[in-house]
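*Asks:* Prediction below, plus the sequence it came from.
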Amino acid sequence: MERTILREAVKKTGEPILVRGFVDNIRNGKSMAFIVLKDLSGRLQITVEKEKFPALLETLDAITPDSVITCEGTVFPNEFVKLNGFEMIPAEGESIRIDSLAEALPIVRKEIPATKKKAALERSNIDQRIDYRWIDLRTDENQLVFKAQTALAAALREFLLARDFLEIHSPKLIGAASESGADVFEVKYFDRNAYLAQSPQFYKQMAMAAGFERIFEVGPVFRAEKSYTSRHTTEFTGFDLEFSYIESVKDVMKMEEELLTYALGKVAEKYGEEIEALFGKKVVVPTLPFPVVKLHDLYDELEKNYGYILPESEKNDLTTEAEQLSYRWVMEKYGHEFLFVTDFGPEKRAFYHMRDENGIPMGYDLIWRGVEITTGAQREHRYEPLKAQADEKGLGEDVKFYLDFFRYGCPPHGGFGLGLDRLTMLLFGLGIKESMFIFRGPNRLNP
Ligand code: 4AD
Ligand code: MG
């Protein structure tokens with residue numbers, strides 16, 4: 001018999017079906033046994049009146065929580081069943097089969113409150129849970145994180161495909177550092193060294209020189225940063241895009257705000273209620289346009305409103321505290337969760353950002369709920385100024401192959417890099433470890 005997923009099972013009352021999943025809970029009493037079965041789509045109670053099913057007794061005694069079982073039977077409505085008011089009654093004979101028996105679980109996924117007989121069990125911390133991430137991921141909460149991330153990434157793609165973007169797949173093994181030279185992982189590459197890509201930046205721009213006009217890429221990004229924060233990882237998924245024939249960086253910002261508004265709309269529609277129920281976080285679909293502020297003006301506002309004072313010499317970049325405070329400010333002033341910050345100092349920005357007549361990079365950071373999710377810019381597409389800016393940062397020979405992209409014709413263009421893991425984490429109000437399939441950090445290479 002073909003498997004019926006549990007969400008569909010309750011629609012097939014009265015007919016013989018076959019269901020499969022993890023044992024979410026089992027109560028094996030003297031005369032009755034109750035199994036709560038869970039699959040990705042939902043839960044169903046299997047009720048066994050033991051007297052009537054002698055062939056199942058041995059199996060029922062063997063089943064442990066989190067074992068994977070298959071059950072053939074029939075679903076009936078029963079108003080006394082707390083779980084949705086339905087239960088499955090097994091078929092005659094050996095209708096419950098254990099596909100995989102689970103050992104006692106090595107982690108506590110969720111806090112277990114005290115009962116009369118047992119003391120409370122504290123939840124394992126996130127590092128212990130990551131050691132057994134596949135077990136941790138079985139909870140409704142964790143599965144929702146990845147359902148929503150799937151919907152989010154699908155919506156981002158959908159938006160871009162509808163606007164004629166091509167999807168590219170650029171190499172991650174590269175001969176020269178792609179962003180700055182710092183924070184790059186070196187790997188052995190036969191008899192020489194290679195590096196893991198810190199960004200698809202150079203290849204996105206090569207695509208512009210190739211006349212691809214509009215491209216995006218979703219792929220791994222590697223950063224050899226020894227950061228132990230709730231928003232840094234050494235390997236994350238970048239959602240990058242680049243497009244040609246822009247008039248200014250404003251076109252890039254407009255593309256991004258429309259893209260995010262569309263994608264969050266899709267997530268809210270599909271999972272908004274569940275996210276609010278399980279995480280207490282409302283998915284707010286932003287209004288257009290997003291607020292914009294110059295970095296210097298932001299510092300003035302933070303000082304005026306919250307007494308945040310920073311030495312003048314440090315005001316060419318956004319500090320972590322200012323980033324966090326900017327959320328409070330943008331909410332109070334605009335009732336908005338997003339904030340574009342522009343006009344960073346040239347010393348703090350990548351050499352490939354185009355600069356205005358005052359030498360200010362024409363780029364931005366986008367902050368959502370107080371955390372940077374994007375850096376974007378119009379790029380310098382003219383060979384001579386680009387080379388001068390690379391030389392100024394001391395990059396010279398390393399980026400020669402990249403500079404060549406701009407010698408044989410290249411349209412004006414811009415783009416941005418969006419951290420997918422950061423988006424997921426902020427959507428749910430989690431740390432980055434909780435929101436990645438498997439986190440990678442300075443002390444974490446397993447599982
Ligand atoms: O700001 P970043 O470094 O910008 C670039 O990579 C440029 N090439 C983008 C461009 O087109 N100008 O990285 C882009 C985004 C960040 O805003 C952040 O969301 C995410 O990638 N990110 C990280 N996420 C998790 N852990 C880290 N260590 C991250 N570093 C950057
Ligand atoms: Mg950045």
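*Replies:* Great, that's in hand. Ligands and ions are numbered 1, 2, ... in the order given.

*Asks:* The residue of the chain most remote from its centre and ligand 1, how far apart?
*Replies:* Computed with CA atoms, centre = their mean, the maximum C-alpha offset from the centroid of the chain is found at Glu51, amounting to 49.3 Å. Distance, Glu51 to ligand 1, using CB to the nearest ligand atom, to the nearest Å: 58 Å. From N, CA and C alone the C-beta is placed, and that goes for glycine too.

*Asks:* mind checking the SS state of the residue nearest to Val341 when sequence neighbours are not counted?
*Replies:* Counting by CB to CB, 6 or more residues apart in numbering, Val341 lies nearest to Asp365, which is 5.0 Å off, once chain neighbours are set aside. At Asp365 the chain is in strand, as set by DSSP: H, G, I helix; E, B strand; the rest coil.

*Asks:* Asp365 bridge partners, please.
*Replies:* For Asp365, the beta-bridge partners are Val341, Thr375 (DSSP bridges).

*Asks:* Quick one: residues contacting the closest residue to ligand 1 within the chain.
*Replies:* Closest to ligand 1 within the chain is Gly419: 2.5 Å, counting by CB to the nearest ligand atom. Contacts were defined as CB atoms under 8 Å, 6 or more residues apart in numbering; by that measure Gly419 touches 236-239, 373-374.

*Asks:* ok, and does the lengthiest helix in the chain reach over to ligand 1?
*Replies:* Ordering each helix of the chain by length in residues (DSSP state H) puts helix 249-279 first. No. Judged by CB under 6 Å from any ligand atom, helix 249-279 and ligand 1 are separated, with a smallest distance of 9.0 Å.

*Asks:* Now, the contacts of Gly419 that are in helices?
*Replies:* Using DSSP H, none of these sit in helices.

*Asks:* Could I get these in JSON lines, plus columns for neighbour count and distance to ligand 1?
*Replies:* Shown next, in JSON lines, are the contacts of Gly419 (neighbours: other CB atoms under 10 Å; distance: CB to the nearest ligand atom, whole Å):
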{"residue": "Phe236", "neighbour count": "19", "distance to ligand 1": "4"}
{"residue": "Thr237", "neighbour count": "20", "distance to ligand 1": "9"}
{"residue": "Gly238", "neighbour count": "20", "distance to ligand 1": "6"}
{"residue": "Phe239", "neighbour count": "25", "distance to ligand 1": "9"}
{"residue": "Ile373", "neighbour count": "24", "distance to ligand 1": "5"}
{"residue": "Thr374", "neighbour count": "23", "distance to ligand 1": "5"}
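
*Asks:* Of the residues you listed, which belong to strands?
*Replies:* 236-239, 373-374 (DSSP state E).

*Asks:* Can you list phi and psi of the nearest residue to Arg133 once chain neighbours are set aside for me?
*Replies:* Among residues not flanking Arg133 along the chain, Ile438 sits closest, at 5.5 Å (CB to CB, 6+ apart). Here is the backbone geometry of Ile438 (degrees, to the nearest 10): phi -140, psi 120.

*Asks:* who's in contact with Ile438?
*Replies:* Counted by CB under 8 Å, 6+ apart, Ile438 has contacts 130, 133, 447.

*Asks:* Verify the stated contact: the last one with Arg129.
*Replies:* This points to Pro447. No. Using CB atoms under 8 Å, Pro447 makes no contact with Arg129, being 11.5 Å away.

*Asks:* before we move on, the earlier item: what's the closest of the contacts of Gly419 to Thr59?
*Replies:* Thr237 (41.9 Å; CB to CB).

*Asks:* Skipping adjacent residues, who's closest to the closest one in space?
*Replies:* Per CB to CB, 6+ apart, closest to Thr237 is Leu420, 4.2 Å.

*Asks:* What count of nearby residues applies to Glu380?
*Replies:* 23 (other CB atoms under 10 Å).

*Asks:* wait, I meant Glu15
*Replies:* Once other CB under 10 Å is used to define contacts, Glu15 is seen to have 8 neighbours.

*Asks:* Can you tell me the closest non-neighbouring residue to it?
*Replies:* Thr74 (6.6 Å).

*Asks:* Okay, and the beta partners of Glu167?
*Replies:* Applying DSSP bridges, one finds that Glu167 bridges with Phe216.

*Asks:* Look up the pLDDT of it for me, please.
*Replies:* Per-residue pLDDT puts Glu167 at 98.
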